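# After the sequence you'll find the predicted model.
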Amino acid sequence: MILAGDIGATKTVLALFSIEKGVAGGEIHQTRFESGKYDSLEEVIEEFLAQTNVHPVAACFGVAGPVNNQQSQITNLPWSISAENIRKTFEIEKVILLNDLESIATAVPYLAEEDVFTLNQGVTDPRGNVAIVAPGTGLGTAFLVWTGESYKALASEGGHTSFSPENMQEIELLKFLKRRYKHVSFERICSGSHLPNIYEFFLDQQSYQEPDWLRKELEQVDDRTPIIVQAALEHKADICEATLDMFVNILGSAISNMAITILPSGGIYLGGGIPPRILERLKQPDFLHAIANKGRFFELCSNMPVHVILTPKAALFGAAYHGLMAMADS
């Protein structure tokens, strides 16, 4: 068996796969854990292996943070992860850490037709670069390049590039956020943990009234993003609709910067937990316009295919694929 994991700030998903049957054969056992309830990944692995009573020969984890020398500090969670420590602790023959977006990218070539929704058909180069942008708890990015034989996934921390306003209102948003953060990245806006920054900006600007029912609901929860997004999708509050509108357009701007940087003629894929939930909003033309809004390169960006990854298992499957390939090469 190989142990695969999708390690995020909100959730950790672990699963066992048969080396003989591969990822296509499906998970033998899968469990979802709330990351915040544990002090380390080792605690989660220990509980999972106790459930399964299986000793895997290899493990591969997609982790939500940069990986350096097979070690990682999770960006939005106080976990330090070491592949070597996990290998020794659980006596596993081979342990690999991947950035979580690198893991999603690894899975992209294997996605089935039902795993994606196409927002823009575009013109696909079957050997062209591929971009992955994933707004979830944070904002992750990665990309794929063709090696001559197959695609190779490469990690990136592009979600932390500096926010670049596109209009006067976004300039005011930048000024508002500069009072909070030394560095205002796209992640400070286009992520589940920071979408409420936009909402608070509108309150600060007195642009919209906050309904009493909405204020009371928001006061009762730690994570305000689901309430704001749902109210926007149901057209229940103007301030929530404006918040989601700005979120979508700035996300499009972040994607457009990546588009002209790596020229993903093979397609742009939106991963993470947020895009499938706001799919109806992403279908509106302003989102694709924001992606293409690059002046003289408008037509080039307009022809890039844009897809939403619907399956929540992409990062998990990518970790499993990478681990299985590493075992086959060893």
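Received, thanks. Numbering: from 1, shown residues only.
# residues near Leu139, how many?
28 (other Cβ atoms under 10 Å). Heads up, the C-betas are built off the backbone N, CA and C, glycines and all.
# Ok, Arg179 next?
Neighbours of Arg179 (other Cβ under 10 Å): 8.
# do Ser256 as well
Counted with other Cβ under 10 Å, Ser256 comes out at 23.
# those strands in the stretch 101-250 of the chain, which residues are they?
Using DSSP state E, counting those that start in this stretch, the strands found in the stretch 101-250 of the chain span residues 116-120, 130-135, 139-146, 151-156.
# low-confidence ranges in this protein?
330 (pLDDT under 70).
# Name the residue closest to the centre of it, please.
Central residue check for the chain by Cα atoms, centre = their mean: the C-alpha nearest the mean position is that of Ala134, 2.9 Å away.
# in terms of contact, does it touch Gly272 like I think?
Yes: Ala134 lies in contact with Gly272 (Cβ atoms under 8 Å); the separation is 3.4 Å.
# mind exporting stretch 194-209 as CSV, just the C-alpha atoms?
Extracted in CSV, the C-alpha atoms of stretch 194-209 (Å, rounded to 0.1, in the frame of the first residue of the first chain):
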residue,chain,number,x,y,z
HIS,A,194,-9.5,36.8,3.6
LEU,A,195,-12.7,37.3,1.5
PRO,A,196,-14.2,39.1,4.6
ASN,A,197,-11.5,41.8,4.0
ILE,A,198,-13.5,43.0,1.0
TYR,A,199,-16.7,43.0,3.1
GLU,A,200,-15.0,45.1,5.8
PHE,A,201,-13.7,47.5,3.1
PHE,A,202,-17.3,48.2,2.0
LEU,A,203,-18.4,48.8,5.6
ASP,A,204,-15.4,51.1,6.1
GLN,A,205,-16.3,53.0,3.0
GLN,A,206,-20.0,53.1,4.0
SER,A,207,-20.7,51.9,0.5
TYR,A,208,-23.5,49.6,1.5
GLN,A,209,-25.8,49.1,4.5
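# residues in contact with it?
Stretch 194-209 has contacts (Cβ atoms under 8 Å, 6 or more residues apart in numbering) with 172-173, 176-177, 180, 187-189, 210, 224-225, 228-229, 237-240, 242-243, 246-247.
# Now a ChimeraX select for only the buried ones of these.
Buried members of those, defined by 16 or more other Cβ atoms under 10 Å, are picked up in ChimeraX with:
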select :173,176,177,187,188,189,224,225,228,229,237,238,239,240,242,243,246,247
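# Go through the contacts of stretch 194-209 and flag which are in helices.
Counting by DSSP state H, the contacts of stretch 194-209 place 172-173, 176-177, 225, 228-229, 238-240, 242-243, 246-247 in helices.
# now the helices for the stretch 51-200 of the chain?
83-90, 100-107, 168-178, 196-205 (DSSP state H, counting those that start in this stretch).
# Just name the most buried of those.
The highest average neighbour count among these, using mean count of other Cβ atoms under 10 Å, belongs to helix 100-107 at a mean of 31.
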